[in-house]
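> next one to model:
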Amino acid sequence: MIFEVSSSELLKKLQVASGAISSNPVIPILEDFLFDLSGNQLTVSATNLEVTIISSLDVTGSKNGRIAVPARILLDTLKALPDQPVSFDVDGTNNSIKLKSAYGEYKLAGDSAEDFPETPNEDNVHSIELENDSFVKAINNTIFATSSDELRLAMTGVLMQIDFNKAIFVATDAHKLVKYTIGGLNSELTESIIIPKKGLTLFRNAISTSDEEVAKISFNSKNIFFRSGETLVVSRLVDAKYPDYNAVIPVNNERILSLNRAEFQNALKRIVIYSNKTTNQVILNLAENSLTMSAQDLDFSNEATEQLGCIYDSEGMTIGFNGKFLAEMLGIINTDEILLKLSAPNKAGILVPSDETEQEKLMMLVMPVMMSH
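This next block holds a predicted model:
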């Protein structure tokens with residue numbers, strides 16, 4: 001197998017693919033990239049058996065072939081070279097690889113391509129297309145709210161529900177829940193799957209290096225296939241049943257507080273410093289058009305209070321939330337004003353942007369932290 005390629009072009013593709021290589025793989029071959037040369041097209045694959053990333057690029061090839069190349073040494077070599085043409089010459093009989101640059105020659109030992117795991121097939125798939133921007137937004141809006149508790153397997157991923165003309169993304173860790181809806185889809189599907197966090201993160205990274213505007217997404221009962229430009233990310237799905245999230249979303253939160261998002265977020269970041277370190281509890285005390293925020297940590301006699309202007313015309317109430325969760329949620333919303341919808345001190349609060357379009361709707365739910373007396 002012989003080919004020549006720009007070192008920086010190759011490095012760019014390898015860096016995307018390397019996201020699927022884990023630091024302590026179960027079998028040694030998973031520390032490798034699979035190179036597959038056909039004519040002038042080189043296909044690079046990497047996998048950790050959960051997620052596989054496949055990307056292709058144009059090279060000048062003169063002899064087809066396949067080889068597994070140790071990832072770390074190759075990445076380090078290419079990073080240490082300035083951009084220039086490099087050539088690869090692979091001896092198929094003993095899997096040795098000769099890499100030549102303008103500076104010299106580097107030899108490394110490859111592995112047999114036969115040992116590299118097969119990529120899952122796209123059989124019996126349902127497919128949709130989403131704009132890359134919308135899809136990246138869906139990932140950013142939800143991924144932070146997933147759970148890392150392996151005992152609640154379903155919650156470690158993001159639920160994607162396709163419902164004819166809309167795609168709904170949901171994530172929850174039982175303390176907070178995010179639901180993001182993209183409208184204007186053109187599909188005949190009603191399906192739902194749970195996508196692992198790792199697969200979504202790697203696809204988001206792959207999109208950022210792609211010039212395409214549309215992501216093609218297909219899935220079957222086991223895997224999801226994300227394709228954008230020259231890159232394909234395949235991820236195993238989470239095999240679990242997602243909890244009925246609609247059951248926990250309150251419908252009658254009629255006490256509505258309207259706030260400047262940045263002011264509220266900054267105040268929370270300051271106040272939470274003084275809160276109890278296990279609960280991060282920040283108390284919101286609401287009166288007509290005024291919000292008093294406070295926190296205290298009795299163990300260390302620390303306390304803080306701030307007042308914020310707001311629009312609020314329901315009866316007064318006091319409710320406690322995890323200040324870190326609230327600040328994190330506010331960091332996701334991108335409107336200047338937000339609405340916090342409440343009903344009672346022991347019921348979930350709902351956070352939404354002040355203005356939304358039919359094409360995208362974001363709703364965040366946060367459970368109260370009960371007041372300790």
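> show me the strands in the stretch 151-300 of the chain, by range?
Assigned by DSSP state E, counting those that start in this stretch, the strands in the stretch 151-300 of the chain fall at 157-163, 166-172, 176-182, 190-196, 214-219, 223-228, 231-236, 255-260, 281-287, 290-297.
> and the fourth one, what does it pack against?
Pointing back at strand 190-196 there. The contact analysis (3 or more CB pairs under 8 Å, 6 or more residues apart in numbering; DSSP states H and E) places strand 190-196 against strand 157-163, strand 231-236. In short, each C-beta sits where N, CA and C put it, glycine included.
> what's around the closest residue to K63 other than its chain neighbours, how many residues?
Once flanking residues are discounted, K63 sits nearest to I2: 4.4 Å by CB to CB, 6 or more residues apart in numbering. Here the number of neighbours of I2 (other CB atoms under 10 Å) works out to 16.
> wait, what's in contact with I2?
Residues near I2 by CB atoms under 8 Å, 6 or more residues apart in numbering: G61, S62, K63, S87, F88, D89, V90.
> what's the closest of those to A262?
Nearest to A262 among the contacts of I2: F88, at 51.3 Å, using CB to CB.
> hang on, that closest one in a strand?
Yes. F88 sits within a strand when classified using DSSP: H, G, I helix; E, B strand; the rest coil.
> any of the contacts of I2 buried? List them.
For the contacts of I2, a burial check counting by 16 or more other CB atoms under 10 Å picks out G61, S87, F88, D89, V90.
> the first one reaches L42, doesn't it?
Yes. Proximity of G61 to L42 meets the contact threshold set by CB atoms under 8 Å, at 7.0 Å.
> which residues are common contacts for those two?
The contact lists of G61 and L42 share F3, where a contact means CB under 8 Å, 6+ apart.
> could I get the buried ones among the contacts of I2 in TSV, plus columns for distance to P353 and pLDDT?
As requested, the buried ones among the contacts of I2 are exported to TSV (distance: CB to CB, whole Å; pLDDT from 0 to 100):
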residue	distance to P353	pLDDT
G61	50	96
S87	53	98
F88	50	98
D89	56	97
V90	54	96
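> with distance to L351 added, can I get these in TSV?
As requested, the buried ones among the contacts of I2 are exported to TSV (distance: CB to CB, whole Å):
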residue	distance to L351
G61	54
S87	56
F88	53
D89	58
V90	55
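> and of those residues, the nearest to E191?
G61 (39.9 Å).
> what are the pairing partners of the helix or strand that contains the closest one, and which direction each?
Using DSSP states H and E, G61 maps to strand 60-63. The strands beside strand 60-63 in its sheet (DSSP bridges) come out as strand 2-6 (antiparallel).
> so which strand or helix has the spatially closest residue to I273 that is not a sequence neighbour?
Take I273 and drop its neighbours on the chain: the residue closest to it by CB to CB, 6+ apart is A304, 7.2 Å away. A304 belongs to strand 302-309 when assigned by DSSP H and E.
> next: L75.
Counting by DSSP H and E, L75 is part of helix 71-79.
> so what's the gap between that helix and the chain middle?
On the basis of CA atoms, centre = their mean, to the nearest Å, helix 71-79 is displaced by 26 Å from the centre of the chain it belongs to.
> report pLDDT for E105.
For E105, the pLDDT comes out at 97.
> so the closest residue to it other than its chain neighbours, which state does it fall into?
Computed as CB to CB, 6+ apart, the closest residue to E105 that is not its neighbour in sequence is K98, at 6.2 Å. Here K98 is strand, with the state taken from three-state DSSP.
> just for the chain, where's the confidence low?
The chain contains residues with pLDDT under 70 at 371-373.
> domain parsing of it, as residue ranges.
2-115, 126-246, 251-366 (automatic domain parsing).
> endpoints of the last one, how far apart?
When you say that, I think you mean domain 251-366. 14 Å (CA to CA, to the nearest Å).
> now find how far off-centre whichever helix or strand comes after the strand holding A304 is within its chain.
Counting by DSSP H and E, the next helix or strand C-terminal to strand 302-309 is strand 317-322. Put simply, strand 317-322 sits 29 Å off its chain's centre (CA atoms, centre = their mean).
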